[in-house]
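Q: Generate a structure from the sequence data that follows.
(chains A, B, C and D, ligands or ions: 4)
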Amino acid sequence: MKPKYLPLTATIVIFVLSYALCAAQYPNILSTRVIGNLLTDNAFLGIAAVGMTFVILSGGIDLSIGSVIAFTGVFLAVVLDNTAIHPLAAFALVLLITTLFGAVMGAIIHYLEMPAFIVTLAGMFLARGMAFVLSIDSIAIKHPFYGTMKALYYKLPGGGRITLIGGLMLLVFAIGILIAHRTRFGTDVYALGGGTATAKLMGVPVGRTTILIYALSGLLAGLSGIVFSLYTSAGYSLAAVGVELDAITAVVIGGTLLTGGSGFVAGTFIGILIQGLIQTYITFDGSLSSWWTKILIGLLLFVFILMQKGIVYVSRREQRHA
Amino acid sequence: MTAILKSYALRLLPQIIALAAILLMVSFVFPGFFRLEIQNGRLYGSLIDILNRGAPVVLLAIGMTVVIATKGIDLSVGAVMAICGAVAASSITSGHSLAMTLVITLGTGILCGLWNGVLVAILDIQPIIATLVLMVAGRGIAQLVTEGAILTFNDPGLIFLGSGSFAWLPLPVIIWLVFGILVALIVRKTALGMLIEAIGINRQASTLSGVLTPVLLIAAYMLSGLCAAIAGIIAAADIKGADANNAGLWLELDAILAVVIGGTSLLGGRFSIAASVLGAIIIQSINTGILLSGFPPEFNLIIKAAIIVFILVLQSPPVRNAFTFVALLRASRKPTERQAR
Amino acid sequence: MQTIGDSLLSATRIDKVFPGAKALDKVDFHLRRGEVHALLGENGAGKSTLVKCLTGAYRRDGGTILLEGVEVDPRDTFNAQKLGIGTVYQEVNLLPNLTVAENLFLGRQPRRLGLVDVGAMNRQARALLENYELDLDVTRALDSYSVAIQQVVAIARAVDLSGKVLILDEPTASLDAHEVEMLFRIIRRLKARGLGIVFITHFLEQVYEISDRITVLRNGQLVGTRDTATLERRDLISMMIGRELAAEIRAAREEPDVTGPVRYRFKDYGRKGHISPFDLDVKAGEVVGIAGLLGSGRTETAEILFGAHRADSGTAEVDGKPVQLSSPRRAIAHRFGFCPEDRKTAGIVGDLSVRENIVLALQARRGWTRPISRTEQNRLADHYIRALDIRTADREKPIRLLSGGNQQKAILARWLATEPEFLILDEPTRGIDVGAHAEIVRLIEGLREKGMSLLVISSEIEELVAYSTRIVVLRDRQHVAALEGNRITADQIIEAIASANERGAA
Amino acid sequence: TFGSASAADLVVGFSQIGSESGWRAAETTLTKQQAQERGIDLKFADAQQKQENQIKALRSFIAQGVNAILLAPVVATGWDEVLQEAKDAEIPVILLDRTVDASDDLYMTAVTSDLVHEGNVAGKWLADTVAGKPCNIVELQGTTGSSPAIDRKKGFEQALSGHDNLKIVRSQTGDFTRTKGKEVMESFLKAEDGGKNICALYAHNDDMAVGAIQAIKEAGLKPGTDILVVSIDAVPDIFQAMAAGEANATVELTPNMAGPAFDALAAFQKDGTKPPKWIQTESKLYTQADDPTKIYEAKKGLGY
Ligand SMILES: Nc1ncnc2c1ncn2[C@@H]1O[C@H](COP(=O)(O)OP(=O)(O)OP(=O)(O)O)[C@@H](O)[C@H]1O
Ligand SMILES: Nc1ncnc2c1ncn2[C@@H]1O[C@H](COP(=O)(O)OP(=O)(O)OP(=O)(O)O)[C@@H](O)[C@H]1O
Ligand SMILES: [Mg+2]
Ligand SMILES: [Mg+2]
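A: Ligands and ions are numbered 1, 2, ... in the order given. A predicted model of the protein is given here:
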C-alpha cells in the first residue's frame, strides 16, 4: 500500500473496530435508526468539515465557521419572518453573503500576508457579532416550505431514515472528494499545503487559490448553516458555538495533517462518524456525569490520535524492512 | 547600549501606538478615563482596572509567546487555569497552608504543561491537537475537583493574591509585572531565547546543531502551564472561589491574539515578551473601553473585531513595508538635500 | 540548425534592490535562439536574482524585457510559463507532498469532461520521464525519492514547459556524472530545436563543455558577455572574481603522511534499512573521503556517525574509550561537527541572523545558562565572515536572504566556531563558486595539517583526490572499497565505484 | 402493584444542558437523587451547552427505547421534529426548567418557573423598597441571547414601568459569571462617578451579584446599604452575603424540577392521568428578613 493511504486506512480500521466494540455492548447501535441518526445529526458538522478539510489541506485554518453557521440561521429566520421572500431565494442570498465573507477573509490572508488563524478569529467575532445585531432572540422558522423539505426522507427498513440533510451531506462529501482529487483547483490546494513559496514558483495562482479556498469554506459554512436551520427550524445567535473545533478534530482524526498538504476528504467523513459514535456511546451508557463526559471525550480523542500514530509507525517500519 | 535600547523601542513602537490610540479613543467616549486617585491605600481608576483585569491574559500571553516561538500553540491554557483554580480552592479549604497550596497548584500547572510537552516533543503530535486534548478534558478535570459548583474559600492569604494591593498597585499587577520581567530576563540574558527561536524556525537544523530540542520544547509548554497556574490562582482569588465552568473560558484565544498583536509570528521564531504583554493590555483596553462606553452588549463582539482587524492590518507586512519605504525615502532624501546645499 | 544570432530574450538595464542590498544594477542580458548561455559569477553575484526577475518571481525595479522582440512583463511565474519560459530554480524545486506526475503537470493536467484525467496524466508522466532514463512509480509522493531524482524531475518539468526558453539555475549541483551527461544530451537536443537555454553552474568544465556564450556578473553588475570558444579559463575566472586567482585546485596531490594514532574507531557500525554495518578508523590529521554514486549511502554513513540517526549495530570508540553516539548532542560533546548536505532543511535557521547562525552550535554545546556575550558573538561572526569571505551586508542580516553559496559558508563557519576535532562535511562545496571552492579545499587541508580529523563526502572526484588521505567507496549502501596512498586517483575511484564485484576491501 | 413495579424498571433519559453553573449542577444532583429515590434508571446526557447535542441525545434515547424523556432545553426553538419523533415512538417527554416554542401536544408537561415572572418579582421588590425615591439602577445581564437574560430583563422592565423614579442607567452582559460580574461592576462604578450615582444593582443571577458585591466593596462602598443588590436564583452563596448585609433580595429558582416531573410521570403510568401542560414552580422572594444563615445551611449540601 502507498504510504499516503496509511493514515486513512488506520482511521477506517479504528472506526470499524470501535463500532464493533460498541455494538457488542449495545446491539441497538447497529439499528438503522442509529445509523440514520448518525448521518442526520452530523449533517451540518460534516458539510462544514468538508470546507475545513480544504482549508487545512492548504495549510490554513478557518475558525469562523461556527459563527457563520449561527449567522446564517439568524439571517434566514429574520428574513423569513419579516419578508415574503421564498426560502430558496433566501438560501441563495445567504450563500452569496457567506461565500463573499470567506472570500474577503481569503483576500486579507493573501494580500496582507496575515496568518489565517488570526484573520478567521476576527471573522469569528464579526460573524457572531452580526448575528447578535440581527437578533438576540431565538426565532422559530415557520415557513411551510421547511415542513415540506423535512418531510423528504428515505425510510430504511427498521425505522431509520436517510433525511434530506443527511443525503445532502453525503453529496457534499462526494463532490468534495471529486474537487480534491479530480480538479486542478484540488491539486493547487495540496500544492499550497506543500509550501506556498514553492507553489508560487511553480506557477500556482496562489492568490486566486487562497481566496477560492476560503470562499469555498464560507460557502460550505453557509450551506451548513442552512442545514442547521432546517435541522432546528430556528435561528439562534448562540448556536453552533465551538463547531470549528469539532470540525478541526474530525479533519485531524480523519488523517489530514494540520500542517497541510496531506490528507483526504473521505477521511474527514470517517472522522465525523467516529465523533458521532463517541457521543452515541456516551448517551447509550448514560451514567457519566458532566465532567466525566468531557474527560472521556478528551481521552478518546487522545487514544484515537495515538492509535493512528501507532498504526502508521508500525506499518512504515514494516515497509522499510520489507 | 543605546542602540540596543533604540531597536527595542522600535520593535515595540506599533504596539505602543495602537495602545495610545485606543486609550485616546476610550477617553473620548468616557471623559473620566484617565482619572486616578488613591483610595483604600491603592490607586483607583480605569487605567488601573485595565492593568488589573488584564492580569490573566497577560500571564497566559507570556507563556503562550514562548510556546508559539517554538512553532507550537497551547489551546489548553484556559482549561489549565480552571484546573489550577479548582486545585487551589480545594487545597486551601481542605486545610493546607497557603504555601503548600501554592506549591501544589503551581505544580499542577507545570504537570499539565509537562503532559502537553511530552505529547508534542516525544510523541510528535501536532501542537493544536495535542493541547486540544487537555482543553477538552481539562475543564472536566476541574469540574471533577469542584463537582460542578463554585468552590468558595475565605483564606485571607489566598484572597490577598487576587484583590490585595502593594505599593499602591493591585497585587495581580505586581505579580505579572515581576513574573514578566523575570521571564524576559531569563530568556534574554541567557541563550534560551535564541535557542527557542532556532527550534521554532528550523527544528531539524537546531537538533543537528546540538540544541536539546525535546527538553526545550517540553520546558516551553511547562512554562505555559506555570503561567496558566498563576493566572488560575489570581482568577480564583479575585472572586474568592473556583469556578471550574467559567474560569479561563476562551481565554486561550485572547492569549493567542495578544501574542499576534505583539507581532510574534504564529509560524514560530522571533518573539518578544514585552510586545505580547502590550498586546494583552491592548485587548484588555478594548474590553474595558467597551464596558465604559455604555453600548448595548450586542455590539461588543463587532466593536472588538473591528478594532483588532484594524490593528492587525496596520501591522501586516505589506502595510508595514509601505510605511518603512516612506520612512526610508525620507531618510535617504535628507542627506542628499544636505549635500545639495 | 538555425542561425545563431536571432535575439530571443533580451533584458536591458534590469534593476533589483533588496533592503540593504542592491542585487542587480542595470544588468543587460541577451539570449539568442539555439544557444546555451552560461550565466556565471561568484556566490551572491546576483545570478538567481536575475533569473527570478526574468520569470516574474520577483518584481524587478527597473528595466525592460523583450521576448522575440515583443516587450513582455511576466507578472508571476505562471505568466512566464505561458510565455514559454521553463525554469528550474536553485534550491526550491518541487512540491514534496504531491506525486511525481502531479509535480510534472501541475497547472496543466490533462482533463476530460472538466475533470483531471489521472490515468492519462500518469501515462504522460511516465512517457516524459523515459527521456531521462527514469522508471519511477509516478503515483508516489515526490519526497519518497532521493534529492537527485527530484532534481531530474524538476528538470523534466522545466524542459517540458519551455516552448522558447529554458533556464537552469545550478541544476547539476546534486547530479552525478552520468546524470549530467544525460542532461547535456537533452540540452543539445533542445538547442537544436532552437530553444535558448540559460545555464547557471559553478562547474567550469561543464561550462566549457556545453555553453556557447558566457555572461559574467559581479556584485550585481554586468562584467561582460563573451563567446566561450574564445575565452580562456584564466580570463573567465578573473572576470568572475575581479582579480587573478592565485592557484586553482592543485592538479597533483602531495603525499601527506598520516602517522598519528587512531582516534575514532567504528566497528560493525550500521543501521538496518539505511546502511550495512561497516568498519571505519580515522586518525588525527586525516581526511577520509567518501565516494559513491547518488543514493549509495554516503549521507547515511555521515548521519549515523554523527548520531542524527541512531546506529542499531556495532560500537564506536573515541581515543580508545567506547562512546554512545545516540544523538547529535552526544556527538558534539565528543567534539564532532557535521555540515549537512541539505542546507535549506537541515542547515540554515532562516530567520536568525548570520551571527546567530554562526554561534548556534557553539552556544548549544555550552548550554543555555552560559550565554556567549554579544561582543564575543560579534567577534566570532566577523572573524568567519572575513575568513570565509561570506558576502553579506552585515552580520545581522537574516541568513535566508543570503545567496545559496554564502549560506553554505555560514554553516561551515558554525562548525568551525565549535573548534571540532572530528568534522564531517557532506558536499561542502556544492553550489560554491570557483574562488570559494578553492578556499574551502585549502581550508580542509589547513584543518588537517592542524591535526583535525575530517570525513568529507563529495561528488567531485577530483576534489576528493586533492585532499583525501584515504578514500572509502560506497555502493548500494555498503562500504565496498578503501583506497590509500598512491591508489588515490580519479581512475581508481571510478573503477571501484563501477566494478560490481570488488568486495571486502574495506 | 402495577405502579411500583413499573417504576422499578422505568428507564428515563435526561438531556441536561451542561454544567455551566452551580445552579445547573444542583439541578443535575437533585434529578439524580429523585430518580434514585423512586428506583428509576436515569440515563444522563450532558450536552455541553449545545442544542445539536441535545437533539442527538434525544434521538439516541428514542433509539434505545427509553420509557420517558426529561429535557432541559438550551433554547426554546427548534424542537418540533425530534419531539415529533418521540411522540411517534410513544415516549412521553417532560420539559424541565424552560419551555419550548412547539405545539403543546408534542410534550406531556413542562415543569418550569416563569423567567419573566422572576424578573418581575425582583423589580417589584425594588420598586417597593425604594418607595418612590429616585433610583438609578445598573443591570448585569446574563449571556447575550440566552433566554433567561432576555426574559429576566423583560420582567424586570415590566415591573419598573410606571415608576418614573426608577431608571436603568447602565446595562451590560456579565455572562452569568462571577468574574465578569465583578469586572463589569467595576466599570459601572467608574462610569457612574465612583458609584455615587448608583442606588441599586439588579443582576440576572446570584453569581454575578456575588462578583459585583466584591467590586462594590473594593470601591469603598457598602453593598446592601449604599447600593441595593437584588438578584435571581437563590444559590447558597447569596444567602451568606445577605446574612452579612451585603445583598438585599433574591428570587428563588428551585433546582428541584425533577420531583414534580417524576410525580406527574408516575401518575400517568399508573392510570393514564394527564398532568396539566405547565407545572409552574414557585418564584419565592427571599430577603434579609428570612434568616439567610439558616437557608444557607439548608442549601449548602445540594451540590450548588
Ligand atoms: N529576498 C532577498 N532579500 C534581501 N536580499 C536578498 C534577497 N535575495 C537575495 N538577496 C541578496 O542579493 C544578492 C544576490 O543573491 P543571488 O541569490 O542572486 O546570488 P547568486 O548569484 O545566485 O549566488 P549563488 O551562487 O550563491 O546562488 C545577495 O547579496 C543576496 O544576499
Ligand atoms: N532508489 C531509491 N529509492 C528510494 N529511496 C532511495 C533510493 N536511493 C536512495 N534513497 C534514499 O535517499 C536517500 C539518499 O541516500 P544517501 O543520502 O545516503 O545517499 P548519498 O550517496 O549521500 O546520495 P546523495 O548524494 O543524493 O545524498 C536515503 O535516505 C535513501 O534511503
Ligand atoms: Mg543562486
Ligand atoms: Mg548525500
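Q: On the three-state scheme, the residue of the stretch 251-400 of chain C found nearest chain A is what?
A: Going by CB to the nearest CB, chain A is nearest to C:Gly273 of the stretch 251-400 of chain C, at 4.4 Å. C-betas here are computed from N, CA, C, even on glycine. Put simply, C:Gly273 is coil when judged by DSSP: H, G, I helix; E, B strand; the rest coil.
Q: That one: how many residues sit nearby?
A: 13 (other CB atoms under 10 Å in any protein chain shown).
Q: so who does C:Ala410 touch?
A: Contacts for C:Ala410 (CB atoms under 8 Å, 6 or more residues apart in numbering or on different chains) come out as C:348, C:354, C:357-358, C:384, C:388, C:390, C:399, C:402.
Q: Select from those residues the one having the most neighbours.
A: Highest neighbour count within these: C:Ile358, with 31 neighbours (other CB under 10 Å).
Q: What residues sit buried inside the helix or strand harbouring that residue?
A: Following DSSP states H and E, one finds C:Ile358 within helix C:354-366. Using 16 or more other CB atoms under 10 Å in any protein chain shown as the test for burial, helix C:354-366 gives C:354-365.
Q: List just the nearest of these to chain D.
A: Nearest to chain D among these is C:Glu356, at 41.9 Å by CB to the nearest CB.
Q: Help me confirm that the closest one comes into contact with C:Gly350.
A: No. In this structure, C:Glu356 is not within contact of C:Gly350 by CB atoms under 8 Å, at 11.0 Å.
Q: that older thread, what is the helix holding C:Ile358 packed up against?
A: When contacts are defined as 3 or more CB pairs under 8 Å, 6 or more residues apart in numbering or on different chains; DSSP states H and E, helix C:354-366 sits against helix B:192-201, helix C:328-333, helix C:374-387, helix C:404-417.
Q: Which SSE is immediately downstream of the second one?
A: If I follow you right, that is helix C:328-333. Trace forward from helix C:328-333 with DSSP H and E and the next one is strand C:336-339.
Q: Paired strands for that next one, with orientation please.
A: The strands that strand C:336-339 pairs with in its sheet are strand C:422-426 (parallel) (by DSSP bridges).
Q: and the strand it pairs with, is it in reach of ligand 2?
A: No. Using CB under 6 Å from any ligand atom, strand C:422-426 never reaches ligand 2; the gap is at least 7.0 Å.
Q: How about residues contacting that strand?
A: Strand C:422-426 is contacted by residues C:263-264, C:282, C:298-299, C:302, C:305-306, C:334-341, C:412, C:415, C:444, C:447, C:452-457 when judged by CB under 8 Å, 6+ apart.
Q: Of the residues you listed, select the buried ones using a ChimeraX command.
A: Applying 16+ other CB under 10 Å to those, the buried members can be selected in ChimeraX as follows:
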select /C:263,264,282,298,299,302,305,306,334,335,336,337,338,339,340,341,412,415,444,447,452,453,454,455,456,457
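Q: quick one: low-confidence ranges for the chain?
A: No chain specified, so I'll use chain A. Scanning chain A for pLDDT under 70 picks out A:1, A:315-322.
Q: To clarify, I was referring to chain D.
A: Within chain D, the ranges that satisfy pLDDT under 70 run D:1-8.
Q: in it, which residue is closest to the centre?
A: Geometric centre of chain D, nearest residue: D:Leu253, 4.9 Å, by CA atoms, centre = their mean.
Q: Contact partners for that one?
A: Taking CB under 8 Å, 6+ apart, we find D:Leu253 in contact with D:23, D:113, D:118, D:232-234, D:281, D:283.
Q: Out of those, list just those in strands.
A: Those of the contacts of D:Leu253 mapping onto strands are D:232-233, per DSSP state E.
Q: And the residue of chain B that's closest to chain A?
A: Taking CB to the nearest CB, chain B has B:Ala137 as its residue nearest chain A, at 2.5 Å.
Q: so where's chain C shaky on pLDDT?
A: Along chain C, segments meeting pLDDT under 70 span C:1-6, C:92, C:243-258, C:500-506.
Q: Would you mind naming what in it lies close to chain B?
A: When proximity is defined as CB under 8 Å from any CB of the partner chain, chain C approaches chain B at C:19, C:306, C:308, C:327-329, C:332, C:338, C:340, C:345-352, C:356, C:360-361, C:363-372, C:414.
Q: now do the stretch 151-300 of chain A
A: So far as CB under 8 Å from any CB goes, the stretch 151-300 of chain A lies against chain B at A:245, A:248-249, A:252, A:257-259, A:289-299.
Q: can you rerun that using 10 Å?
A: A:237, A:241-242, A:245, A:248-249, A:252-253, A:257-259, A:288-300 (CB under 10 Å from any CB of the partner chain).
Q: Name the nearest residue to the residue in the stretch 1-150 of chain A that ligand 1 sits nearest to, sequence neighbours excluded.
A: Nearest to ligand 1, among the residues of the stretch 1-150 of chain A, is A:Glu113, at 14.4 Å (CB to the nearest ligand atom). Leaving aside its sequence neighbours, A:Glu113 sits nearest to B:Pro317 (CB to CB, 6 or more residues apart in numbering or on different chains; 4.5 Å).
Q: Hmm, that neighbour is touching A:Ile109, no?
A: No. In this structure, B:Pro317 is not within contact of A:Ile109 by CB atoms under 10 Å, at 12.0 Å.
Q: Tell me which of those two has more neighbours.
A: Taking other CB under 10 Å, B:Pro317 and A:Ile109 do not tie; A:Ile109 has more neighbours (24 against 11).
Q: what's downstream of whichever strand or helix holds that one, the next helix or strand?
A: According to DSSP H and E, A:Ile109 maps onto helix A:87-111. Counting by DSSP H and E, the element after helix A:87-111 in chain order, helix or strand, is helix A:116-134.
Q: Run the contact check for that next one versus chain B.
A: Yes. Applying CB under 10 Å from any CB, one finds helix A:116-134 touching chain B at A:116-119, A:121-134.
Q: that older thread, please narrow the residues of the stretch 151-300 of chain A next to chain B to those residing in helices.
A: A:245, A:248-249, A:252-253, A:290-300 (DSSP state H).
Q: and stretch D:260-272, anywhere near chain A?
A: No. Stretch D:260-272 is not in contact with chain A by CB under 10 Å from any CB; minimum separation 16.6 Å.
Q: Return the set of buried residues in that stretch.
A: For stretch D:260-272, a neighbour-count test (16+ other CB under 10 Å) marks D:260-262, D:264-266, D:268-269 as buried.
Q: Now do the buried residues in stretch A:288-308.
A: Residues of stretch A:288-308 classed as buried by neighbour count (16+ other CB under 10 Å): A:288-298, A:300-302, A:304-305, A:307-308.
Q: Give me the neighbour count for the closest residue to A:Gly267 other than its chain neighbours.
A: Nearest residue to A:Gly267, sequence neighbours excluded (CB to CB, 6+ apart): A:Gly254, at 3.1 Å. Applying other CB under 10 Å, we find 29 residues neighbouring A:Gly254.
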